[in-house]
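Asker: model the following, please.
(one chain, ligands or ions: 1)
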Amino acid sequence: MAHFTKATSLHDWMNQRLGIDTVRRVMATEYWIPKNINFLWAMGMVLAVTFAMLLISGLFLLMYYQPNIHLAFDSVNDVIMRQVPFGWLFRDIHAVAASIVFLVIYIHMLTGIYYGSYKKGREMIWISGMLLYVAFSAEAFSGYMLPWGQLSYWAGTVITDLFSLGSLHAEWLLHWIRGGYTPGQPFLDRFFALHVVLLPLLVIGLIGLHFGALRIPHVNNQEGEEIDFEAEAKKYKSGDKKGSKVIAFANDFMSKDMFVVGVYLIFFFYLVLFHNGFALDPINFIPANPMHTPASVEPEWYFLWSYDILRGFSTNVGLIAFAFAQGIFFVFPFLDRSPNAKPASKRGIFFLWFWILVIDMTGLTIMGKLPPEGMYREVGVMFAYIFIALFIILPFITKFEKKV
Ligand code: HEM
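Answerer: Residues are numbered from 1 along each chain as shown. Sure, this is the predicted structure:
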């Protein structure tokens, strides 16, 4: 058993029991960050802060929300939006954060791809990141069900329909997920449980895994340089802060991170207070009506790229293409066969590959918003083919990449 001495302070008492100084040393003061990084490396912290805002605002919404198909709509649109003081503010913070978090996730992912931050022992950081992406997607979808408006009902119907798996006719799976033939009270109950308990717990656990996976290989840097962290940290601790290639996570790096977070928060609250309209679909301000299908049921902007791949093909092929698009990013570290952890700008054809991917996904997002008719459909299908082709050729172009 550990040796306990008479504690001289509360800190000492806690330290003897929880080893807080060790945790602080491992995760903060003796955790080294390369100097050669830019503001894009603050996106991880921006994501963590946005998740915290989602949790806090969600908790306040939960105090008034009623998970009942007869009461849910009014509990949101009347009680929270009109009766509860500042209820509207919490709802708008929650809605804007739910949308913006995906913008930041995509920037964070693309930064990882551009700088090859999933290589050389960093694969687990990437995989835990992808699990976070899936968990956030499920969180956003389940959240959309809760106000029980027209979009909740019909998007819930369309998306859960995918689980009948096309010509496999897995209706049993579909009905099991829905808790009935059509969305009703059991459907709302389960998505409520997922949204407020299960998925947030999963996200918290995954963020822990993501941070833990970062601790051993340390974060990458702008040049993909292999840094001897121990030697550089020694230099830093001996007082040669200028000569060292690293800085301490706490408080040197944190203060830089917080600056970017501060700028982000100004932008975020500007959106919340003056331009929140983009975050909530007007169709969802109409109560759910199983007898009336809205003219258009389209997903939020962050799902449009994969939605356009889904609808570009016949049902079965579309489902396979959709599963491909969702799954392929998980194995990204294994598809990029080049040992170069250099930025894309120094990797020749990979640089081109990266920008074609960005343009293609943006194109899919735009096409996903437009009706799938005539030219829009053809262009959408072309983008879908390009997306699939990009990932098929990736192992080949990276295998023969010159070492830089
Ligand atoms: C949504 C919740 C997420 C949170 C809170 C989060 C947080 C962080 C933090 C704090 C860092 C370290 C600093 C930085 O590079 O920004 C980081 C790094 C990283 N994250 Fe995430 N992340 C999330 C999602 C993702 C996703 C979706 C991916 C991609 C699949 C991803 C991939 C990475 C990679 C590859 C790094 C290492 C960067 C490097 O070594 O330079 N993360 N993340």
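Asker: so, low pLDDT: which residues of this protein?
Answerer: Counting by pLDDT under 70, the chain has low-confidence residues at 1-2, 404.
Asker: what do you get if the cut-off is 80, keeping everything else the same?
Answerer: 1-3, 402-404 (pLDDT under 80).
Asker: show me the strands in it, by range?
Answerer: 32-34, 246-248 (DSSP state E).
Asker: stretch 120-134 near the ligand at all?
Answerer: Yes: contact of stretch 120-134 with the ligand (Cβ under 6 Å from any ligand atom) involves 122, 125-126, 129-130, 132-133. Every residue, glycine included, has its C-beta placed from N, CA and C.
Asker: the ligand contacts on this protein?
Answerer: Counting by Cβ under 6 Å from any ligand atom, the residues of the chain near the ligand are 41, 43-45, 47-48, 51, 105, 108-109, 112, 117-118, 122, 125-126, 129-130, 132-133, 136, 207, 210, 214, 219-220.
Asker: which of those residues fall in helices?
Answerer: Mapping the residues of the chain next to the ligand onto helices (DSSP state H) picks out 43-45, 47-48, 51, 105, 108-109, 112, 125-126, 129-130, 132-133, 136, 207, 210, 214.
Asker: are any of the residues you listed buried, and which?
Answerer: The neighbour count (16 or more other Cβ atoms under 10 Å) marks 43-45, 47, 51, 105, 108-109, 112, 125-126, 129-130, 132-133, 136, 207, 210, 214 as buried among these.
Asker: so who does the residue of the stretch 51-200 of the chain found nearest the ligand touch?
Answerer: The minimum distance from the stretch 51-200 of the chain to the ligand, using Cβ to the nearest ligand atom, falls at residue 129 (2.3 Å). By Cβ atoms under 8 Å, 6 or more residues apart in numbering, the residues touching residue 129 are 108-109, 112, 210.
Asker: pretty sure residue 207 is touching residue 132, no?
Answerer: Yes: shown here, residue 207 and residue 132 form a contact pair, counting by Cβ atoms under 8 Å, at 6.9 Å.
Asker: do you know how far the residue lying closest to residue 223 once chain neighbours are set aside is from the ligand?
Answerer: Nearest residue to residue 223, sequence neighbours excluded (Cβ to Cβ, 6 or more residues apart in numbering): residue 36, at 6.1 Å. Using Cβ to the nearest ligand atom, to the nearest Å, one gets 11 Å for the distance from residue 36 to the ligand.
Asker: for residue 36, what are its contacts?
Answerer: So residue 36 contacts 221-223, 225, 245 (Cβ under 8 Å, 6+ apart).
Asker: how about those residues, which pair is most distant?
Answerer: The most widely separated members of the contacts of residue 36, counting by Cβ to Cβ, are 222 and 245 (11.7 Å).
Asker: now the residue in the stretch 301-404 of the chain positioned nearest to the ligand, nearest residue through space, not along the chain?
Answerer: Closest residue of the stretch 301-404 of the chain to the ligand, Cβ to the nearest ligand atom: residue 329 (6.4 Å). Excluding its sequence neighbours, the residue lying closest to residue 329 (Cβ to Cβ, 6+ apart) is residue 130, at 5.7 Å.
Asker: one more: residue 155?
Answerer: Using Cβ to Cβ, 6+ apart, the nearest residue to residue 155 is residue 297, at 5.5 Å.
Asker: so the one you found makes contact with residue 158?
Answerer: Yes: in this structure residue 297 lies within contact range of residue 158 using Cβ under 8 Å: 5.7 Å.
Asker: the more surrounded of the two?
Answerer: More crowded of residue 297 and residue 158, by other Cβ atoms under 10 Å: residue 297, with 17 against 14.
Asker: could I get the phi/psi values of the more buried one?
Answerer: In terms of degrees, to the nearest 10, the main-chain angles of residue 297 are phi -120, psi 100.
Asker: for the nearest residue to residue 249 once chain neighbours are set aside, what are its contacts?
Answerer: Closest residue in space to residue 249, ignoring its immediate chain neighbours: residue 31 at 4.1 Å, by Cβ to Cβ, 6+ apart. Each residue near residue 31 by Cβ under 8 Å, 6+ apart is listed here: 215, 218, 248-250.
Asker: go on, residue 152?
Answerer: 144-146, 284, 288.
Asker: one more time with 6 Å, if that's ok
Answerer: Neighbouring residues of residue 152 by Cβ atoms under 6 Å, 6 or more residues apart in numbering: 144-145, 288.
Asker: do residue 91 as well
Answerer: residue 80.
Asker: again, 10 Å this time
Answerer: Counting by Cβ atoms under 10 Å, 6 or more residues apart in numbering, residue 91 makes contact with 57-58, 60-61, 64-65, 76-77, 80-81, 84, 147, 272, 276, 279-280.
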